[in-house]
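K.L.:
the amino acid sequence is not available; the structure is as follows:
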């Protein structure tokens, strides 16, 4: 999460996570993150209390994007406030590769998708366990970069066991998607990662497990080591910072 | 007009997990709202359980005090539960039941929607859980107790500003996790499509009754209808049946808190800009980064940074007017109605009472103002007495 655990410390954590990941996802904190559970909410609160501004997070992205591809995660009001066109072009200027907007479903996102396509920023869409087949196909054909499969019903957050439907979801999305399939929500252990890799996942997205470690006061090195342990050798791993 | 949109406002900005549930709700509502059995069941509950129709009462002494237009009160404070919230809740609870959902969740600010949901949950045998900001559980303690007595489980919310906005966030998170067996019974004309439409439709019984009652009493439509606007459900219910009658003025009273110029208020229609919160594009109090601002109001039910999208549209289209009424002026309305008419209004409704008196004062004696008295003030007596003591 951009700006967590503070304006000075953020980049040292982000660089460490990026070093261990194929893609680093940088969150822009929002006051009302309805798709997020307690860990990422707390991370956003820490960030906002330290005075994080949207422009600053995008500047940090440009510091990271030289060495690791960067994907930005933010709520739609952040984009709406700046204007879709201006926001997308600020991402381009920062060398950002992709954009995930958890509260912008297929129907509301057509103009942002057009703008992102024109500017060569991948607008990554989410599919969920509640998504029906016909809709899943439309999402799979509209997403760019990769398809983000939400592993379970609920908000983001660490889970002790992998949701039962996750493996089945990966298999079915693997079949309909021509792009890589990455799985997120509740993934926090090397065992989760290898199970999903075996089911055909091309990547995993890990957020809460990382920011909760930052919140608990682990050093950048310790957090980096955790990301490396998740990654193992089985697959390309994406990670949130 | 695009489906689910009111001009530029409205829409469905939610996580993908909720989209299929909203589509299911939309089609169930479409089907059931035309279903004869559904309509007659709802009418039965409204009449024999809710106490509808509510009176339209000529407030003689308030009229004399204002010295202008004749003022009528639409007595939604007399509905079962003590506020207009019942109208929407009963409709949606029946919808939930007919959709086969056993568990109902709701958010509440002042507690009136939570109480109404607990009432309907008890009457229909649904498991009811209510999210309520910690700050609101403290300032509306009476309603917290009522909900628990009615068998609802109340979850105090400690995130953010610990008020209505945060209660909605938490209810949405619960819904994302439990969407398969849970019905989210949203309490105001806000949120993603189809909620603003559903809530407006169920609340429109207020305006339909006003129409027939004022025609019976005065032989013509009113010149002005006044209602308080937080999320804006009582107002849209009173306004909607008159939107096409352009000779009827529509006035919404937003919570001015400590004054618009102080920056501490809850009046997005006066001081906000378009933004997206809780699934809808509407006017929103936000900073230059789009972070939602904290709001201030003496009334928990109006303490909300956004507003129902149809109100944003009515304002943009110039069909309705919106003003801000400060805490101090709302307290004046509160005392005035209590002493002149023997009716203690909810602090939310007191904003509308004050606005109506000020408007009526400027209007000729043969004109007619209707105030939607959306709720009764029992829940507010502690807040009001603390406020008055602080002033002395």
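P.N.:
Everything's here; your move. Predicted, not measured: the structure shown is a model, and the values here were computed from it.

K.L.:
need phi/psi at the residue lying closest to residue A:125 once chain neighbours are set aside.
P.N.:
Spatially, and ignoring its direct neighbours in sequence, residue A:125 is nearest to residue A:143 (3.9 Å; Cβ to Cβ, 6 or more residues apart in numbering or on different chains). Quick note: C-beta positions are derived from backbone N, CA and C, even for glycine. Dihedral pair for residue A:143: phi -70, psi 160, per degrees, to the nearest 10.

K.L.:
closest residue of chain A to chain B?
P.N.:
Using Cβ to the nearest Cβ, the closest approach of chain A to chain B is made by residue A:81 at 3.2 Å.

K.L.:
so that residue belongs to a helix, correct?
P.N.:
Yes - counting by DSSP: H, G, I helix; E, B strand; the rest coil, residue A:81 is found in a helix.

K.L.:
for residue B:272, see how far away it is.
P.N.:
Relative to residue B:272, residue A:81 is positioned 12 Å away (Cβ to Cβ, to the nearest Å).

K.L.:
what is in contact with these two at once?
P.N.:
Between them, residue A:81 and residue B:272 share these contacting residues under Cβ atoms under 8 Å, 6 or more residues apart in numbering or on different chains: residue B:286.

K.L.:
where does the chain dip in pLDDT?
P.N.:
Because you didn't say which chain, this covers chain A. Scanning chain A for pLDDT under 70 picks out A:233-241.

K.L.:
hmm, no, I was thinking of chain B.
P.N.:
B:1-2, B:391-392.

K.L.:
kindly report the residues of it close to chain A.
P.N.:
B:11-21, B:159-160, B:165, B:169, B:172-173, B:176-180, B:274-279, B:281, B:284, B:286, B:288-292 (Cβ under 8 Å from any Cβ of the partner chain).

K.L.:
ok, for residue B:238, nearest residue in space, not its chain neighbours?
P.N.:
residue B:372 (4.3 Å).

K.L.:
is it true that the one you found lies in a strand?
P.N.:
Yes - counting by three-state DSSP, residue B:372 is part of a strand.

K.L.:
picking that back up, which non-adjacent residue is nearest the residue of chain A closest to chain B?
P.N.:
Closest to residue A:81 by Cβ to Cβ, 6+ apart is residue B:290, at 3.2 Å.

K.L.:
over to residue B:355?
P.N.:
According to Cβ to Cβ, 6+ apart, the nearest residue to residue B:355 is residue B:253 (4.1 Å).

K.L.:
I'd assumed residue B:227 was in contact with the one you found.
P.N.:
Yes - contact criterion Cβ atoms under 8 Å: residue B:253 and residue B:227 qualify, at 7.1 Å.

K.L.:
strands along chain A, start to end?
P.N.:
A:23-27, A:70-73, A:98-100, A:122-124, A:126-127, A:147-150, A:181-184, A:203-206, A:238-240 (DSSP state E).

K.L.:
could you dump the ones you listed into JSON lines with distance to chain B added?
P.N.:
As requested, those are arranged in JSON lines below (distance: least, Cβ to the nearest Cβ, whole Å):
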{"stretch": "strand A:23-27", "distance to chain B": "14"}
{"stretch": "strand A:70-73", "distance to chain B": "13"}
{"stretch": "strand A:98-100", "distance to chain B": "11"}
{"stretch": "strand A:122-124", "distance to chain B": "12"}
{"stretch": "strand A:126-127", "distance to chain B": "5"}
{"stretch": "strand A:147-150", "distance to chain B": "7"}
{"stretch": "strand A:181-184", "distance to chain B": "12"}
{"stretch": "strand A:203-206", "distance to chain B": "14"}
{"stretch": "strand A:238-240", "distance to chain B": "16"}
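
K.L.:
make JSON lines out of those and add mean neighbour count.
P.N.:
Formatted as JSON lines, those follow (neighbours: other Cβ atoms under 10 Å in any protein chain shown):
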{"stretch": "strand A:23-27", "mean neighbour count": "25"}
{"stretch": "strand A:70-73", "mean neighbour count": "26"}
{"stretch": "strand A:98-100", "mean neighbour count": "23"}
{"stretch": "strand A:122-124", "mean neighbour count": "22"}
{"stretch": "strand A:126-127", "mean neighbour count": "25"}
{"stretch": "strand A:147-150", "mean neighbour count": "28"}
{"stretch": "strand A:181-184", "mean neighbour count": "28"}
{"stretch": "strand A:203-206", "mean neighbour count": "26"}
{"stretch": "strand A:238-240", "mean neighbour count": "26"}
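
K.L.:
which one of these lies closest to residue A:168?
P.N.:
Within those, the stretch nearest residue A:168 is strand A:147-150; the backing value is 10.8 Å (Cβ to Cβ).

K.L.:
let's have the strands of chain A in TSV, adding distance to residue B:88.
P.N.:
Shown next, in TSV, are the strands of chain A (distance: least, Cβ to Cβ, whole Å):
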stretch	distance to residue B:88
strand A:23-27	35
strand A:70-73	35
strand A:98-100	34
strand A:122-124	36
strand A:126-127	31
strand A:147-150	31
strand A:181-184	36
strand A:203-206	38
strand A:238-240	39
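
K.L.:
doesn't residue B:104 make contact with residue B:96?
P.N.:
Yes - here residue B:96 lies in contact with residue B:104, judged by Cβ under 8 Å, at a distance of 5.5 Å.

K.L.:
okay, and the common contacts of these two?
P.N.:
By Cβ under 8 Å, 6+ apart, the residues touching both residue B:96 and residue B:104 are B:126, B:183, B:185.

K.L.:
closest to chain A out of the residues you listed?
P.N.:
residue B:183 (14.8 Å).

K.L.:
and the nearest residue to residue B:247 once chain neighbours are set aside, how many residues sit next to it?
P.N.:
Closest residue to residue B:247 apart from its sequence neighbours, by Cβ to Cβ, 6+ apart: residue B:221 at 6.8 Å. Using other Cβ atoms under 10 Å in any protein chain shown, the number of residues around residue B:221 comes to 16.

K.L.:
helix, strand, or coil at residue B:221?
P.N.:
Residue B:221 - assigned by three-state DSSP - is coil.

K.L.:
residues contacting it?
P.N.:
By Cβ under 8 Å, 6+ apart, residue B:221 lies in contact with B:211, B:214-215, B:242, B:245, B:247-248.

K.L.:
so which of the residues you listed are in strands?
P.N.:
Among the contacts of residue B:221, no member falls in strands (DSSP E).

K.L.:
ok, back up a step: list the beta-bridge partners for the residue nearest to residue B:238.
P.N.:
Beta bridges link residue B:372 to residue B:74, judged by DSSP bridges.

K.L.:
got the contact list for it?
P.N.:
So residue B:372 contacts B:74, B:76, B:84, B:206, B:210, B:225-228, B:234-235, B:237-238, B:349, B:352 (Cβ under 8 Å, 6+ apart).

K.L.:
which PyMOL command selects the buried ones in those?
P.N.:
Here is the PyMOL command that picks out the buried ones among the contacts of residue B:372, judged by 16 or more other Cβ atoms under 10 Å in any protein chain shown:
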select buried, chain B and resi 74+76+84+206+210+225+226+227+228+234+235+237+238+349+352
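
K.L.:
closest one of the contacts of residue B:372 to residue A:215?
P.N.:
residue B:228 (40.6 Å).

K.L.:
that closest one and chain A, how far apart?
P.N.:
Distance, residue B:228 to chain A, by Cβ to the nearest Cβ, to the nearest Å: 23 Å.

K.L.:
and if you look at residue B:353?
P.N.:
32 Å.

K.L.:
neighbours of the closest residue in space to that residue that isn't next to it in sequence, how many?
P.N.:
Counting by Cβ to Cβ, 6+ apart, residue B:353 lies nearest to residue B:333, which is 3.7 Å off, once chain neighbours are set aside. Other residues near residue B:333 come to 26 when the count uses other Cβ under 10 Å.
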